[in-house]
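**Student:** build me a model:
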Amino acid sequence: MECDNCGGDRVANINGKCSDRFSLQLGELEIEDDYVPSDFGIGGGDYIEFELCLDCGKLQGDFPLEITELEMNDESDDDEEE
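**Tutor:** Numbering: from 1, shown residues only. Take a look at the predicted model:
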């Protein structure tokens, strides 16, 4: 596979199974011991799956991503507190 940024051919395909033990922190937002969110571009459910260029460090795929469900839920929580 060729990197969609630099054209290099050192693209690693990374896979992992979390079994409901995934953690993520985005600023002050955090999830722990949960499923991999499917809208972060790194997999979904119990699985982490992504491709990373070892030459330039770019995560492969179409970016920027839309606002994630985690971020939308936080915005909804802020609205309820007002």
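
**Student:** in the chain, which spans are strands?
**Tutor:** 11-17, 22-26, 29-34, 43-44, 47-53 (DSSP state E).

**Student:** check contacts around the spatially most central residue of the chain.
**Tutor:** Using Cα atoms, centre = their mean, the residue of the chain that lies closest to the mean C-alpha position is F40, 3.2 Å off. Contact partners of F40, counting by Cβ atoms under 8 Å, 6 or more residues apart in numbering, are 24, 65, 68. Where C-beta positions appear, they are placed from N, C-alpha and C, glycine not excepted.

**Student:** and it, its phi and psi?
**Tutor:** With angles defined as degrees, to the nearest 10, F40 shows backbone torsions of phi -100, psi 0.

**Student:** how near is it to F22?
**Tutor:** For F40, the distance to F22 under the criterion Cβ to Cβ, to the nearest Å works out to 10 Å.

**Student:** returning to that earlier point: show me which of the contacts of F40 are buried.
**Tutor:** By neighbour count, with 16 or more other Cβ atoms under 10 Å, these hold T68 as buried.

**Student:** closest to V11 out of the contacts of F40?
**Tutor:** The shortest approach to V11 among these belongs to L65, at 19.2 Å (Cβ to Cβ).

**Student:** I'd say the closest one and D39 touch.
**Tutor:** Yes - when contacts are counted by Cβ atoms under 8 Å, L65 is listed as touching D39 (6.7 Å).
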